[in-house]
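Structure of the sequence below:
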Amino acid sequence: MTYSEIEKKAFEILEKYDGMPVGEKNYEIDVIRLTQAFGIQVHKRKLGGEISGLLVIKDGRASIGLESEQGKERMRFTIAHELGHYILHRNLKSTFVDEVFARSGTSSQLEREANVFAASLLMPKELLINAIEHRGWSRIGDDQIAELAKLFNVSGVSMTYRLVNLKIIEQPYV
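Residues are numbered from 1 along each chain as shown. Now for the predicted structure:
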């Protein structure tokens with residue numbers, strides 16, 4: 001799938017399952033409610049230092065295992081990432097094990113697609129632009145990124161990547 005197709009899929013899921021049209025609600029997306037809409041259970045466990053999350057599909061039922069020692073922002077992204085695997089890739093495999101990205105150093109196409117889905121789900125383009133316009137910002141710097149990250153309950157790194165990918169800001173490090 002192309003990234004724009006993945007973005008569209010995430011938007012459709014938000015419109016259908018999140019209760020209100022994107023842009024007319026709080027900025028923090030309820031990822032647990034979304035997993036529940038698909039009948040996916042989320043379990044927090046100690047998975048070891050190398051695994052951030054996993055998705056297991058067995059007998060038509062899906063469960064997300066979540067490293068319990070991650071921060072809240074990381075957990076939200078991991079849940080959205082695993083939901084992305086479920087929505088985008090469940091017909092390809094029945095088990096997805098996702099290593100801590102910073103340590104793994106590698107990323108497959110499926111992992112990149114799940115990351116795009118997670119970012120699109122947690123930081124919907126329309127909602128992000130709405131937040132920026134509502135504040136009247138003409139320039140987005142570190143302080144604005146931090147405020148947006150807090151509003152959407154994501155990490156500053158995730159917000160920075162999302163803003164770069166949406167071409168709202170330029171790549172901060174060349």
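
Listing request: residues of this protein with sub-threshold pLDDT.
Per-residue confidence for the chain (pLDDT under 70) gives these ranges: 19-25, 100-107, 172-174.

which residue ranges form the helices in it?
3-17, 31-37, 72-89, 101-104, 109-122, 125-135, 142-152, 156-165 (DSSP state H).

Throw those helices into a markdown table and include mean neighbour count and distance to Thr95, thanks.
Heads up, the C-betas are built off the backbone N, CA and C, glycines and all. Shown next, in a markdown table, are the helices of the chain (neighbours: other Cβ atoms under 10 Å; distance: least, Cβ to Cβ, whole Å):
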| stretch | mean neighbour count | distance to Thr95 |
| --- | --- | --- |
| helix 3-17 | 16 | 21 |
| helix 31-37 | 17 | 17 |
| helix 72-89 | 22 | 10 |
| helix 101-104 | 12 | 17 |
| helix 109-122 | 22 | 12 |
| helix 125-135 | 15 | 31 |
| helix 142-152 | 16 | 29 |
| helix 156-165 | 19 | 25 |
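
so which of the ones you listed gets nearest Ser52?
helix 72-89 (5.0 Å; Cβ to Cβ).

What is that closest one packed up against?
When contacts are defined as 3 or more Cβ pairs under 8 Å, 6 or more residues apart in numbering; DSSP states H and E, helix 72-89 packs onto helix 3-17, helix 31-37, strand 51-58, strand 61-67, strand 95-99, helix 109-122.

In TSV: the ones you listed, plus distance to Ala80.
Formatted as TSV, these follow (distance: least, Cβ to Cβ, whole Å):
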stretch	distance to Ala80
helix 3-17	9
helix 31-37	5
strand 51-58	10
strand 61-67	10
strand 95-99	12
helix 109-122	4
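
which one of these lies closest to Ala149?
helix 109-122 (10.4 Å).

Just the angle for that closest one relative to helix 125-135, thanks.
Put simply, helix 109-122 runs at 40 degrees to helix 125-135, going by axes from the mean of the first three to the mean of the last three Cα atoms, to 10 degrees.

how big is the angle separating helix 109-122 from helix 142-152?
Going by the same axes, to 10 degrees, helix 109-122 makes 80 degrees with helix 142-152.

what does helix 109-122 rub up against?
1, 3, 6-7, 9-11, 13-14, 29, 31, 34, 76-77, 80-85, 87-89, 92, 96, 98, 107, 152-154, 158, 161-162, 165 (Cβ atoms under 8 Å, 6 or more residues apart in numbering).
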